[in-house]
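[1] Provide a 3D model corresponding to the input given below.
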Amino acid sequence: MEILDTVIIGGGPAGYSAALYCTRAGLSTVIVEKMTPGGQMATTTQIDNYPGFEEGIDGFELGDKMRKGAERFGAKTHYAEVTGVSLEENPKKIATTNGDLYAKTVVIATGAAPRELGIADEQRFRGKGVGYCATCDGMFFRGKTVAVNGGGNTAVEDALFLSKLCEKVYLIHRRDTLRASRAEAQALEKAPNVEFLWNKVVTGLEGADKLEKIVLQDTVTKDTTTLDAQGLFVAIGRVPSTELFKDVLKTDVFGYIEADETTRTSIPGVFAVGDVRTKPLRQVVTAVGDGAVASKYIEEYITMEESK
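    Residues are numbered from 1 along each chain as shown. Now for the predicted structure:
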């Protein structure tokens, strides 16, 4: 049975950054990724806030560059889905759909997924009008009428992006003021084809084969109205991908794994990096920083265990 120095669950920017630093430190490293390198970043067509790319870069391309960078120093990508973990054992066991892996340390870099509305017909219209990434799917709605549901920075950014493609954009928010930063909100307010629908929540979706109407309820009067729209982009937050770990590791009230700036979790030898851990800012650049930090404490943990 091969025992690796570390197994990294998740091939996003945090995961591949950790892999790069671990392999450069001479640690045997495997990244388990069930889909495409880059994680959520890979679904973004343009990243403008990652240093070193003056014209920005496609998220998928950046993810692949990170993979190649880590593999250049010996990291290996294991394409499979993790089905179970035994983190308190020594070595730690990671069960996957493509065989079991054993390691001295484990890095959790599973990220966070978009939060769904949780209403009837949401799944029926998913990919048929309902989406969760405007930069990914916005081009399909060029010249059409769409709505964005949310009031934070992501919702405002999505609405602004769509305003450059669509004939009409509605921003639906449950309150009468945005949670987004003032700078983001001011940019959106200047868009001539954007209309704000305050104090509204989405309660239903209608259409034959594709989305045609959005049912709204006023949070104040409780009146119901329908909105003609071919697209609805949901931007109401994210849900950490911690289902496998919630009964094993300490998490906060939102489900994020509790880990400080050392990335250590409640179990020795287990680290959490990127969007999956408790932190004030979730960006590609902070995820990459987490990966680098984790490698230092992984190496330190292994050295201490071997000296016992």
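
[2] and the worst-scoring helix or strand of the chain on mean pLDDT, what does it pack onto?
    In the chain, no helix or strand scores lower on mean pLDDT, DSSP states H and E than helix 134-137, which sits at a mean of 79. For helix 134-137, the packing partners by 3 or more Cβ pairs under 8 Å, 6 or more residues apart in numbering; DSSP states H and E come out as helix 153-163, strand 231-234. Where you see a C-beta, it was placed from the backbone N, CA and C, and this is true even at glycine.

[3] could you list the residues in contact with that helix?
    Around helix 134-137, the neighbours that count as contacts under Cβ atoms under 8 Å, 6 or more residues apart in numbering are 43-46, 131, 148, 157-159, 161-162, 231, 233, 235.

[4] and stretch 65-80, by the same measure?
    Outside stretch 65-80, the residues that touch it by Cβ under 8 Å, 6+ apart are 11, 13, 16-17, 19-20, 22-24, 28-34, 37-38, 96-99, 101.

[5] out of those, which are buried?
    Burial by neighbour count, judged by 16 or more other Cβ atoms under 10 Å, picks out 11, 13, 16-17, 19-20, 22-23, 28-34, 37-38, 96, 101 from these.

[6] in the protein, what residue spans correspond to helices?
    With DSSP state H as the criterion, the chain has helices at 13-24, 59-72, 134-137, 153-163, 182-189, 284-306.

[7] can you put those helices in JSON lines and add distance to Gly52?
    Formatted as JSON lines, the helices of the chain follow (distance: least, Cβ to Cβ, whole Å):
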{"stretch": "helix 13-24", "distance to Gly52": "13"}
{"stretch": "helix 59-72", "distance to Gly52": "10"}
{"stretch": "helix 134-137", "distance to Gly52": "20"}
{"stretch": "helix 153-163", "distance to Gly52": "22"}
{"stretch": "helix 182-189", "distance to Gly52": "24"}
{"stretch": "helix 284-306", "distance to Gly52": "10"}
